[in-house]
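K.L.:
Based on what follows, work out the 3D shape:
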Amino acid sequence: MEASIGFLLLTTFTWIPGSRCNIHVRRQDEAIALKSSLLSNYDKSLRPVKSASTAVNVDFDISLKQIIELAEKEQTFQINIWLRLYWDDEYLTWNASEHGGVESLTIHSSDVWRPDIFLYNNIAKTYGAIEPITDVTVTSAGRVSHLQPAIFTSACPVDISRFPFDKQECILEFGSWIHNSNKVNISLVKSTADRAVFTQNVEWILNGALLERKVDIFPCCPEPFVTILLTMQLERRTFFYMFNMVLPCIVLMILNVFGFCIPPDTGKRLAFFMTILLALVVFQKFLSDSLPKTSTAIPQLGQFFAATIALVGFSCLASIVVIRLSYNSPPSRPLPRWLRLLLLRYLARLFCMNTIAEEKHVVPPATEGVYNVSDRETTQQKDSPNLTLDLSLREIVIHAREYSAHAREKKEKKDEQDEWKMAALVLDRALMFLVGLATIIVCVVLLR
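P.N.:
Residues are numbered from 1 along each chain as shown. Presented below is the predicted three-dimensional model:
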């Protein structure tokens, strides 16, 4: 009795897996036969409706995978997306109970009718068509699900006026190429694209991916066509440009201000400013190589570089003026009164340079005493009987007067030259503060 029970249990456990395997094989055979039966008289070039007046309703959905590139110079946008298309096929229906309980089939997308969805603003060599590279899933009720990845390249006009703080919108327009809305009606599943599997881009931040259904009438055809607009709202990540372009430029601007601390009479200030100017020109070249060659807009970073170059150029010009004032070439002339008042009185007080402005070069009173003594000695010598001594004293007095006159003239010229140098120093300080103020204004206005 126990042996019989054991044999029965062994037979049962041996038979059950085999039965399941047999059921699976039978269902697979049923599915193959069903697929062959459904496709035997199937014409994939015809719309899958039995009435010609019935429109095929296609549900359209998109899942974003990755932003590949937004090329500013070429003004192109490349993206990897997963298309999700759903529609009903009246020729792909069956009764599951009559076919071994087969509820769904997988058929290659090239064997069945598919909506001819194209990317209208495509610029790639594939012409924007969806290639049949994956299978479709068909239920017994005729519901077809076509899920397929695709890489699209579209035209995207780029506005660089706010570069690198710009925001861009790239629009991808999908629609049927030959069927109007009376034949193929496209509807949206959701108003936004799915971003569950989206990979973040290192250059762009995706702020939104809006889907919009639009009905258009084209000049070629009087019937309305349905198009789906995918609007990609992008914001540029600015860290790369701030760290590699803006920050070095700001350092050069600071050096440009402190370059006025170099004494103008050393001759090295102009060389310092010219080195900064050359560095800025190199940065400008790098910037122009990465942007489209357009004359419709000037990028904000380009305006910043241009303003910086203008400031450095102004510093070079200011240094030339200061050097020219410091070395006023002969014949020297006195400092004009209006310039003396402006520089040595008002601006000197403004920039705390009163000690320079108050310096005066006056002829020492001892010089006047020389003339008085000489005159007295000459008068006394007139009454002296010694003519030889009288003539010698007269010659000494004449030479002393000539020497004194020459020394006075030389001293006056030196005083005038010193006055010009004082004015140049005050002007140099004023220009340094002016360049510093302009630098702050440029940074605040153009780096907002």
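
K.L.:
Return the distance of the residue most central in space within the chain relative to Gly302.
P.N.:
Most central in the chain under CA atoms, centre = their mean is Pro164, positioned 2.1 Å from the mean C-alpha point. To Gly302, Pro164 is 10 Å away according to CB to CB, to the nearest Å. For the C-beta atoms, the positions are set from N, CA and C on the backbone; glycine is no exception.

K.L.:
where do the helices sit along the stretch 1-150 of the chain?
P.N.:
Ranges of helices within the stretch 1-150 of the chain are 2-40, based on DSSP state H, counting those that start in this stretch.

K.L.:
Give me the below-cutoff pLDDT ranges for it.
P.N.:
For the stretch 1-150 of the chain, the stretches flagged by pLDDT under 70 are 1-27.

K.L.:
please redo it, this time with the cut-off set to 90
P.N.:
Scanning the stretch 1-150 of the chain for pLDDT under 90 picks out the ranges 1-37, 41, 45, 52-53, 71-75, 96-102, 123-134.

K.L.:
Pull out the buried positions in the lengthiest strand in the chain.
P.N.:
Counting by DSSP state E, the longest strand found in the chain is strand 56-71. Buried residues in strand 56-71, counted by 16 or more other CB atoms under 10 Å: Val56, Val58, Asp59, Phe60, Asp61, Ile62, Ser63, Leu64, Lys65, Ile67, Leu70.

K.L.:
Between the residues you listed, which sits nearest Ala424?
P.N.:
For these, the closest approach to Ala424 (CB to CB) belongs to Leu70, at 52.8 Å.

K.L.:
count of residues packed around the closest residue to the closest one other than its chain neighbours?
P.N.:
Once flanking residues are discounted, Leu70 sits nearest to Phe77: 5.2 Å by CB to CB, 6 or more residues apart in numbering. Phe77 has 26 neighbours, counted by other CB atoms under 10 Å.

K.L.:
Bridged to Phe77, which residues?
P.N.:
Leu70, Ser154 (DSSP bridges).

K.L.:
In this structure it contacts Glu169, no?
P.N.:
No. In this structure, Phe77 is not within contact of Glu169 by CB atoms under 8 Å, at 10.0 Å.

K.L.:
Mind listing the shared neighbours of these two?
P.N.:
Shared between the contact lists of Phe77 and Glu169 (criterion: CB atoms under 8 Å, 6 or more residues apart in numbering) are residues Met232.

K.L.:
In stretch 187-204, which residues are buried?
P.N.:
Within stretch 187-204, the residues scored as buried using 16+ other CB under 10 Å are Ala193, Asp194, Phe198, Asn201, Trp204.

K.L.:
my guess is the second one contacts Asp61, does it?
P.N.:
If I follow you right, that is Asp194. Yes. Judged on CB under 8 Å, Asp194 makes contact with Asp61 at a distance of 7.1 Å.

K.L.:
Now do the helices in the stretch 201-350 of the chain.
P.N.:
Counting by DSSP H, counting those that start in this stretch, the helices of the stretch 201-350 of the chain are 239-241, 247-258, 269-289, 300-326, 337-339, 348-350.

K.L.:
if we can go back for a sec, how many neighbouring residues does the nearest residue to the residue nearest to the centre of the chain once chain neighbours are set aside have?
P.N.:
Once flanking residues are discounted, Pro164 sits nearest to Tyr241: 4.0 Å by CB to CB, 6+ apart. The number of residues packed around Tyr241, counting by other CB under 10 Å, is 17.
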